[in-house]
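Q: Let's see this in three dimensions:
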Amino acid sequence: MEGLGGDGAQKAAVISRLMAAKRLSGKTHSQIAAETGLTNVYVAQLLRRQAQLKPGPTTAALRAALPALDDDLVAEMMAPPFRSFRPDLIQEPAVYRLNEAVMHFGESIKEIINEDFGDGIMSAIDFYCSVDKIQGVDGKDRVVVTFDGKYLPHSEQKTDHMVSRLNRQ
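A: Numbers count the residues shown, from 1 in each chain. This next block holds a predicted model:
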């Protein structure tokens, strides 16, 4: 298979094959995660080609969890993905509500990050995410989405710290 780059049709075809391998296993993302030591969201990201499968024990564990993964699919999963989102995805009610929750609580979350850490952000690169099901105090099911990202402070823009400028002198 050729690399995916920005070819949406080819990426969709690979994702379809990956989802078929998952369906054939009869396992949920959370079950695959438990078998591989990955988070359930990361498993979904791998199968949706939004994350890169790293060589080593993770690859072997994923192949054991999903026996229908052939060499071509594993090779595709190991290529750097073209990370993207479909613009119509926001119309999906669950995605819309997640976006709404982040937008509604975002300003308060930012203020608390600044109070507790300083002027900075949460990394979406050095980042873990999971979705869990718990029972609330009222006995009803609740969704717990955990965003676990590294804190990245904003830098003071001093010229003597700018390596590219120092190398030009």
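Q: Domain ranges for the chain, per the record?
A: 8-78, 87-160 (automatic domain parsing).
Q: could you give the mean pLDDT of the longest one?
A: Right, the one you point to is domain 87-160. Confidence for domain 87-160, expressed as mean pLDDT, is 94.
Q: ok so, going back, highest mean neighbour count out of the domains of the chain?
A: Ranked by average neighbour count under the criterion mean count of other C-beta atoms under 10 Å, those are headed by domain 8-78 at a mean of 16. Where C-beta positions appear, they are placed from N, C-alpha and C, glycine not excepted.
Q: Show me where the chain has its helices.
A: 8-25, 29-36, 40-47, 57-65, 71-78, 93-117, 163-166 (DSSP state H).
Q: the inter-axis angle of the longest strand along the chain versus helix 93-117?
A: Scanning the chain for the longest strand, with DSSP state E as the assignment, gives strand 120-135. Strand 120-135 runs at 130 degrees relative to helix 93-117, counting by axes from the mean of the first three to the mean of the last three C-alpha atoms, to 10 degrees.
Q: Which strands or helices does strand 120-135 pack on?
A: If you count contacts as 3 or more C-beta pairs under 8 Å, 6 or more residues apart in numbering; DSSP states H and E, strand 120-135 packs onto helix 40-47, helix 93-117, strand 141-153.
Q: Make JSON lines from these and add distance to Ser123 to it.
A: Formatted as JSON lines, these follow (distance: least, C-beta to C-beta, whole Å):
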{"stretch": "helix 40-47", "distance to Ser123": "15"}
{"stretch": "helix 93-117", "distance to Ser123": "12"}
{"stretch": "strand 141-153", "distance to Ser123": "4"}
